[in-house]
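Q: What follows is a predicted protein model with its sequence.
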Amino acid sequence: MVNVQPLLYATLFILPLVIVKAILISIKKRPKLPPGPVSLPVIGHLHLLGPSLHQTFQTLSSTYGPLMYLRIGSVGCAVASNPDLAKELLKTHELTFSARKHTAAIDHLTYSSSFAFAPYGPYWKFIKKISTSELLGSRTLSQFLPVRTKELHHFIMLLSDKAKAGETLNVTEELLKLTNNIISQMMMSMRCSGTGTQADGIRTLVRQVTEIFGEFNVSDIIWFCKNLDLQGFRKRFEDIHRRYDALLESIIGDREEARKKKRKGEDEVKDFLDMMLDVLEDHHSDMHLTRNHVKALILDFLTAATDTTAIVVEWSLAELMNHTEVLRKAQKEIDQVVGKERLVEESDGARLPYLQAIIKETFRLHPPIPMISRKSIQDCKISGYTIPAQSLLFVNIWAMGRDPKVWDEPLKFQPERFLKPNDCIDVKGLHYQLLPFGTGRRGCPGISLAMQEVPTTLAAMIQCFDWKLPGGAAVVDMAERPGLTAPRAQDLHCVPVARFTPTLTA
Ligand code: HEM
């Protein structure tokens with residue numbers, strides 16, 4: 001008979017040792033993730049997240065440091081909150097973090113053809129080239145200057161009427177109409193706000209899209225809920241999509257008809273829709289575009305340009321109302337440079353350094369997009385840690401703007417900090433402590449347009465008016481509303497008081 005005892009002992013004593021060793025080796029081999037709180041099964045750190053993600057991340061990073069790793073359901077997220085890490089992740093490892101997140105809402109609403117959410121590849125490069133050289137290039141921006149000027153005049157005349165009547169104005173609403181009308185005319189040669197026509201619906205849709213993109217959908221983050229619609233999320237985004245699609249189909253259809261009737265060679269300023277239809281009809285183009293691409297791109301640009309631009313002007317005005325000494329200094333600068341004969345113009349911007357400093361200070365404290373969001377396409381080693389492929393990356397620029405290690409007295413609104421001799425911090429993406437437009441290849445292509453619109457609008461608002469709160473309230477509430485963008489929580493209602501009335505024609 002075979003003696004099995006040694007075999008039994010070996011199995012009993014050696015096998016557990018082998019298993020423990022294998023586990024230890026696998027733990028050792030497992031990538032070392034950046035620090036973070038203990039995560040729960042299935043939901044990960046979902047229970048720790050408050051309504052405002054950038055504020056939650058700021059609080060967590062005060063315990064776990066400037067580089068953290070969290071799990072939101074089954075999605076791994078790296079969070080960086082200092083300028084050195086921002087530089088390392090977004091510059092040194094730029095290509096690793098050149099993708100963006102995808103959710104069911106994003107894919108559906110953007111026809112899976114978005115530029116802003118496209119992976120870094122041929123389609124993205126093609127649209128980037130058209131948008132920087134054509135739609136948002138300096139030639140097109142100059143061609144559309146009369147449109148921007150006319151819209152600004154229209155806006156100032158509305159404010160003058162309110163001032164004359166001593167009425168309160170919803171500044172938030174009117175700024176959104178202004179920025180939306182500017183971008184919708186560049187895109188489709190039509191005003192989409194305050195017209196009382198079917199196009200008016202677009203602004204509401206754009207708002208709803210921005211909101212839904214910023215919300216968490218359980219089906220996206222908990223794998224076994226993938227096919228469930230527990231929050232009615234799918235129903236909501238399908239409804240938005242249906243309405244947007246119907247509107248855009250009718251706009252594109254009208255344009256196609258108009259193009260057929262138009263004689264060849266007729267001279268006119270081309271809008272983005274024309275540029276896209278040219279590519280769509282050109283069978284020799286490097287990239288084959290479909291109608292869905294065109295609809296997705298219009299949505300991309302309308303959503304990217306409307307809220308962001310309006311939000312920063314509104315925050316600037318709110319800060320000025322709470323800091324009247326800064327407001328007076330800015331008004332004095334405008335009066336000296338522009339005078340009392342005419343309304344400020346875009347070309348005055350370079351000669352208004354104090355106003356530019358106010359804009360930078362507003363971007364520092366209130367970046368309209370509080371976090372730069374990217375996704376990694378491969379593993380990446382940072383400060384001895386590994387950020388695995390397919391992780392989301394959040395660079396918390398909101399927290400960096402409020403960090404006392406980066407800025408003196410960060411919570412004070414002091415535009416003078418940008419006017420120190422030898423100070424050259426700007427917002428173009430090269431100074432990693434101030435990145436309101438992001439940085440690198442995936443940085444914002446609308447920066448030139450925004451940096452024409454924002455200073456001119458704010459300057460005109462304070463050149464022509466002083467601003468009072470209704471009911472004699474003394475301080476503007478500065479609470480933020482959670483979401484993908486960070487606007488003020490409540491709409492800003494103010495009474496404009498005329499200080500200079502320019503002669504304008506709408
Ligand atoms: C104050 C106004 C604006 C702010 C603060 C802003 C901010 C940003 C930020 C932070 C990003 C992400 C950058 C990154 O990942 O590095 C971005 C991307 C983008 N922005 Fe803007 N933006 C503004 C205005 C505009 C305007 C006026 C347009 C278009 C007309 C625009 C079009 C876009 C597009 C298409 C992207 C996606 C680019 C890509 O993924 O490659 N933005 N913007």
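A: Done, it's in.
Q: C-alpha from now on. contacts and neighbour counts both.
A: Will do.
Q: Does residue 231 touch residue 217 like I think?
A: Yes. Using CA atoms under 8 Å, residue 231 is in contact with residue 217, at 7.4 Å.
Q: When those two are compared, which one has more neighbours?
A: With neighbours defined as other CA atoms under 10 Å, residue 231 and residue 217 compare such that residue 217 has more, 21 against 12.
Q: is it true that that one touches residue 235?
A: No. Applying CA under 8 Å as the test, residue 217 and residue 235 come out as separate, 11.9 Å apart.
Q: Can you tell me the SS state at residue 393?
A: strand (DSSP: H, G, I helix; E, B strand; the rest coil).
Q: check contacts around it.
A: Applying CA atoms under 8 Å, 6 or more residues apart in numbering to residue 393 gives the contacts 77, 78, 79, 80, 97, 372, 373, 374, 375, 376.
Q: Can you select the buried ones among those for me in PyMOL?
A: PyMOL command restricting the contacts of residue 393 to the buried ones, with burial defined by 16 or more other CA atoms under 10 Å:
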select buried, resi 77+78+79+80+97+372+373+374+375+376
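Q: List, out of the contacts of residue 393, those positioned next to the ligand.
A: 372, 373 (CA under 6 Å from any ligand atom).
Q: ok, the contacts of residue 393 vs the ligand, which is closest?
A: residue 372 (5.1 Å; CA to the nearest ligand atom).
Q: Low-confidence stretches in the stretch 101-250 of the chain?
A: Within the stretch 101-250 of the chain, the ranges that satisfy pLDDT under 70 run 195-199.
Q: need the helices for it, in chain order.
A: When secondary structure is read from DSSP state H, counting those that start in this stretch, the stretch 101-250 of the chain shows helices at 104-109, 122-130, 138-143, 145-165, 171-188, 201-213, 218-221, 233-261.
Q: so of those helices, which one's packed in deepest?
A: Comparing the helices of the stretch 101-250 of the chain by mean neighbour count (mean count of other CA atoms under 10 Å), helix 171-188 comes out on top with a mean of 22.
Q: Which strands and helices lie in contact with it?
A: Packing partners of helix 171-188 (3 or more CA pairs under 8 Å, 6 or more residues apart in numbering; DSSP states H and E): helix 145-165, helix 272-281, helix 291-322, strand 493-498.
Q: Among these, which comes closest to the ligand?
A: helix 291-322 (3.7 Å).
Q: Could you pick out the residues of the stretch 251-400 of the chain near the ligand for me?
A: 300, 301, 304, 305, 308, 309, 312, 368, 369, 372, 373.
Q: quick check, nearest of the residues you listed to residue 105?
A: Here the nearest of those to residue 105, counting by CA to CA, is residue 300; it sits at 13.6 Å.
Q: Can you get me a residue count around that closest one?
A: Using other CA under 10 Å, residue 300 has 19 other residues around it.
Q: any idea of the pLDDT on it?
A: With respect to pLDDT, residue 300 has a value of 93.
Q: Please report how far residue 486 lies from the ligand.
A: Between residue 486 and the ligand the computed distance is 10 Å (CA to the nearest ligand atom, to the nearest Å).
Q: Am I right that that residue sits in a helix?
A: No. Under three-state DSSP, residue 486 falls outside any helix and is assigned coil.
Q: contacting residues for residue 156?
A: 460, 461.
Q: The helices and strands packed on helix 171-188 into JSON lines, with extra columns for distance to residue 246?
A: JSON lines is the format used below for the helices and strands packed on helix 171-188 (distance: least, CA to CA, whole Å):
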{"stretch": "helix 145-165", "distance to residue 246": "27"}
{"stretch": "helix 272-281", "distance to residue 246": "16"}
{"stretch": "helix 291-322", "distance to residue 246": "11"}
{"stretch": "strand 493-498", "distance to residue 246": "34"}
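Q: Residue 41: which of the ones you listed is closest?
A: Between residue 41 and the helices and strands packed on helix 171-188, the tightest spacing by CA to CA is seen for helix 291-322, at 35.9 Å.
Q: Give me the distance between residue 134 and residue 252.
A: 20 Å (CA to CA, to the nearest Å).
Q: Please apply the same query to residue 460.
A: 35 Å.
Q: ok, back up a step: list residues touching both of residue 231 and residue 217?
A: Joint contacts of residue 231 and residue 217 (CA under 8 Å, 6+ apart) do not exist.
Q: The ligand contacts on the stretch 101-250 of the chain?
A: 116, 117.
Q: and the residue of the stretch 101-250 of the chain nearest the ligand?
A: Taking CA to the nearest ligand atom, the stretch 101-250 of the chain has residue 116 as its residue nearest the ligand, at 3.6 Å.
Q: correct me, but that residue touches residue 300?
A: Yes. Applying CA under 8 Å as the test, residue 116 and residue 300 come out as touching, 6.5 Å apart.
Q: check contacts around residue 147.
A: 182, 185.
Q: which intervals of the stretch 401-506 of the chain have sub-threshold pLDDT?
A: Along the stretch 401-506 of the chain, the parts satisfying pLDDT under 70 run over 506.
Q: Okay, helices next: where are they in it?
A: 447-464.
Q: Strands of that one, residue ranges please.
A: For the stretch 401-506 of the chain, the strands defined by DSSP state E, counting those that start in this stretch cover 465-468, 493-498.
Q: Turn the ones you listed into JSON lines, columns for mean neighbour count and distance to residue 145.
A: Formatted as JSON lines, the strands of the stretch 401-506 of the chain follow (neighbours: other CA atoms under 10 Å; distance: least, CA to CA, whole Å):
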{"stretch": "strand 465-468", "mean neighbour count": "20", "distance to residue 145": "23"}
{"stretch": "strand 493-498", "mean neighbour count": "21", "distance to residue 145": "26"}
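Q: now for these, which one comes closest to residue 201?
A: It's strand 493-498; of those, that one is closest to residue 201 (CA to CA) at 22.9 Å.
Q: in its sheet, what does the closest one sit against?
A: Taking DSSP bridges as the criterion, strand 493-498 sits next to strand 169-170 (antiparallel), strand 465-468 (antiparallel) in its sheet.
Q: hmm, who's touching the last one?
A: Strand 465-468 is touched from outside by 321, 494, 495, 496, 497, 498, 499, 500, with contacts defined as CA under 8 Å, 6+ apart.
Q: before we move on, which element is residue 42 in?
A: Secondary structure assignment for residue 42, by DSSP states H and E: no helix or strand.
Q: So what does it look like in phi/psi?
A: Backbone torsions of residue 42, given as degrees, to the nearest 10, read phi 70, psi -60.
Q: wait, it sits on residue 218?
A: No. Between residue 42 and residue 218 there is no contact, the gap being 11.5 Å when judged by CA under 8 Å.
Q: Point to the residue nearest the middle of the chain.
A: By CA atoms, centre = their mean, the chain has its centre lying nearest to residue 369, at 4.0 Å.
Q: so that one makes contact with residue 436?
A: Yes. The criterion here is CA under 8 Å, and residue 369 meets it with residue 436 at 7.0 Å.
Q: what's the nearest residue to residue 105 if we skip its chain neighbours?
A: Nearest residue to residue 105, sequence neighbours excluded (CA to CA, 6 or more residues apart in numbering): residue 237, at 6.1 Å.
Q: what sits against that neighbour?
A: For residue 237, the contacting residues are 105, 108, 109, 212, by CA under 8 Å, 6+ apart.
Q: what about the helix or strand hosting residue 332, distance to the chain center?
A: Using DSSP H and E, the element containing residue 332 is helix 324-338. The chain centre lies 29 Å from the centre of helix 324-338; the measure is CA atoms, centre = their mean, to the nearest Å.
Q: Which elements pack onto that helix?
A: Using 3+ CA pairs under 8 Å, 6+ apart: helix 324-338 touches helix 291-322, helix 353-365, helix 447-464.
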